[in-house]
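S.K.: Take a look and give me a structure for this.
(one chain, ligands or ions: 2)
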Amino acid sequence: MSDKIALITGVTGQDGSFLSEFLLDKAYEVHGIIRRSSTDYRERIAHLEGRPRFHLHYADLNDSLSIMQVVSRVRPTEIYNLAAQSHVQVSFDAPEYTANTDAVGVLRILEAVRLCGLTDRCRIYQAGTSELYGKVEAVPQNEQTPFHPYSPYAVAKLYGYWIVKEYREAYGMFCCTGILFNHESERRGETFVTRKITLAAARIAQGKQEKLLLGNLSSMRDWGYARDYVECMWLMLQHDRPEDYVIATGQQHSVRDFCTLAFKQVGIELDFVGTGTEEKGIDRKTGRVIVEVSPDFYRPTDVVNLLGDASKARRELGWNPDRTSFERLVQIMVEADLKKVATEQAVERIRTNLAEFLEKGIVK
Ligand code: NAP
Ligand code: F7E
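M.R.: Ligands and ions are numbered 1, 2, ... in the order given. Okay, here's the model as predicted:
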């Protein structure tokens, strides 16, 4: 049995799946927390299920008893608390649920470790976020920049940040927060803006979608590749002291830039004309409107100017933020979505043919 035992909450998510692969490659025994769902299909980790060092446990961050039970059974040497209601816009619709999971959930993990007597054995990584800077008070943002959370999600994550710091100082626990800026991938949830764009580009290019409706096109983000970012979570727990780090690329782009590049990947050159809700992204060659703005995707308060300075992580952890460029990230995502849409179309064709054959009695 490995002496490195990781427990990952949020194992079915984008980051959880990449982190599981990363830790399994390092010979960790990896335990993940999953929630029961009516479909029970865990797409991002399906390829890991059945591996001898990969184990799943039912628990929920909103259920302290289940968390206590899994922590006491697994006795991890490292916990990566990635579970969260992670969608900022959804946090305006479900603020109480978001607070329970993203704020009190962090406390439940810390207390479980303490009450199970694992304070000295177990190191804890908490998934913090650039959303803490919210209505930004300085650009770029680093570990010294004041926080100004600007959504129920960010306010909940602020509690997570402070309770981790409190347990570090009060009980000497090795727990720390990674202040990660947006990181995306081919496994990103389909309602986050980057994935929504790459999927739409693939569908529009293959005639499966007419238009793409978006919210604030001018919003600026520091987008990195999720596969590169999970390494940093691990590096933070291997460091000789628990500290919080900003993880970012130091490059900033708008949602509009992301669209332009993604559609270019599928052979559509977009020109943006107009302003506000009247702005449109038009196919230069055909004059067809491809992108439109819908206020449905505006947020009551929106974070619009995120740019991270990860000098501390570069210096102290030796982390290299330049591994995957913005252009390469967009390419990876579009290529994956082109394949996904083509596969869906092929499956659809097979289904139609089969139905026809059954109807005509060609197959029984
Ligand atoms: P994600 O894809 O949305 O995954 C979230 C994970 O949390 C899923 O596995 C989900 O499980 C699980 N979860 C949600 N509520 C839970 C609960 N009550 N109990 C147990 N598990 C629960 O998120 P991600 O992009 O991988 O992000 C990972 C973490 O980093 C999150 O905490 C997020 O807030 C934070 N973060 C993300 C970014 C980013 O750009 N990706 C940047 C900064 C911080 P189900 O599959 O069952 O829903
Ligand atoms: O929005 C704008 C939107 O939802 C990015 C989470 O992982 O990163 C993520 O949160 C920007 C916002 O991500 C649409 O208004 C325009 O300004 O992709 P997003 P997010 O809110 O930055 C942080 C770091 C986290 O911690 C979170 O967990 O894009 N935007 N039009 C849109 N956003 C969405 N979702 N959909 C649109 O149609």
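S.K.: by contact count, what packs against the helix or strand hosting A156?
M.R.: Per DSSP states H and E: A156 is located in helix 152-171. Using 3 or more Cβ pairs under 8 Å, 6 or more residues apart in numbering; DSSP states H and E as the contact criterion, the elements in contact with helix 152-171 are helix 88-93, helix 95-99, helix 105-115, strand 123-129, strand 175-180. In this view, the C-beta of every residue, glycine as well, is placed from N, C-alpha and C.
S.K.: need the contact list for the nearest residue to Q251 once chain neighbours are set aside.
M.R.: Closest residue to Q251 apart from its sequence neighbours, by Cβ to Cβ, 6 or more residues apart in numbering: F326 at 5.7 Å. For F326, the contacting residues are 223, 249, 251, 253, 261, by Cβ atoms under 8 Å, 6 or more residues apart in numbering.
S.K.: So the third one lies in a helix, does it not?
M.R.: No: with DSSP: H, G, I helix; E, B strand; the rest coil as the criterion, Q251 is coil rather than part of a helix.
S.K.: contacting residues around it?
M.R.: Q251 neighbours (Cβ under 8 Å, 6+ apart): 222-223, 307, 326.
S.K.: which two from the residues you listed end up farthest apart in space?
M.R.: Between any two of the contacts of Q251, the greatest separation by Cβ to Cβ is 12.6 Å, found for L307 and F326.
S.K.: Just give me the neighbour total for A201.
M.R.: The burial count assigned to A201 is 29, neighbours taken as other Cβ atoms under 10 Å.
S.K.: For it, give its distance to ligand 1.
M.R.: 20 Å (Cβ to the nearest ligand atom, to the nearest Å).
S.K.: Also P95?
M.R.: 14 Å.
S.K.: In stretch 329-349, which residues are buried?
M.R.: 329-334, 336-338, 341 (16 or more other Cβ atoms under 10 Å).
S.K.: For ligand 2, tell me whether it is touching it.
M.R.: No: legend: contact between stretch 329-349 and ligand 2 by Cβ under 6 Å from any ligand atom is lacking; minimum distance shown is 12.3 Å.
S.K.: Spell out whether that stretch and ligand 1 are in contact.
M.R.: No: in this structure, stretch 329-349 remains apart from ligand 1 according to Cβ under 6 Å from any ligand atom; the gap is never smaller than 11.9 Å.
S.K.: can you give me how far the worst-scoring helix or strand of the chain on mean pLDDT is from the chain middle?
M.R.: Taking mean pLDDT, DSSP states H and E as the measure, helix 326-360 is the helix or strand of the chain with the lowest mean score, a mean of 92. Helix 326-360 has its average C-alpha position 24 Å from the chain's average C-alpha position, going by Cα atoms, centre = their mean, to the nearest Å.
S.K.: circling back to that earlier point, what's the closest of the buried residues of stretch 329-349 to ligand 2?
M.R.: Sorting the buried residues of stretch 329-349 by distance to ligand 2 puts M333 at the head of the list, at 12.3 Å, by Cβ to the nearest ligand atom.
S.K.: Just say helix, strand or coil for F18.
M.R.: Assigned with three-state DSSP, F18 falls in the helix class.
S.K.: Give the closest residue to it in space, chain neighbours not counted.
M.R.: Across the structure, with Cβ to Cβ, 6+ apart as the measure, the residue nearest F18 apart from its sequence neighbours is V230 (4.6 Å).
S.K.: Pretty sure K26 is one of the things the one you found touches, is it not?
M.R.: No: here V230 lies out of contact with K26, judged by Cβ atoms under 8 Å, at a distance of 11.3 Å.
S.K.: For the stretch 201-350 of the chain, what lies in contact range of ligand 2?
M.R.: Counting by Cβ under 6 Å from any ligand atom, the positions of the stretch 201-350 of the chain adjacent to ligand 2 are 214-216, 219, 221, 255, 297, 299, 302-303.
S.K.: Now render these as TSV, adding pLDDT and neighbour count.
M.R.: As requested, those are exported to TSV (pLDDT from 0 to 100; neighbours: other Cβ atoms under 10 Å):
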residue	pLDDT	neighbour count
L214	98	23
G215	98	17
N216	98	19
S219	98	19
R221	98	25
V255	98	21
F297	98	16
R299	98	16
D302	97	17
V303	97	24
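S.K.: picking up where we left off before, tell me which residues are up against the helix holding A156.
M.R.: By Cβ under 8 Å, 6+ apart, helix 152-171 touches 84-88, 90-92, 95, 98-99, 101-107, 110, 114, 119, 124, 126, 128-129, 131-132, 134, 147, 149, 173-177, 179, 242, 244, 303.
S.K.: Now it: buried residues?
M.R.: Neighbour-count burial for helix 152-171, with 16+ other Cβ under 10 Å as criterion, is recorded at 152-161, 163-165, 167-168.
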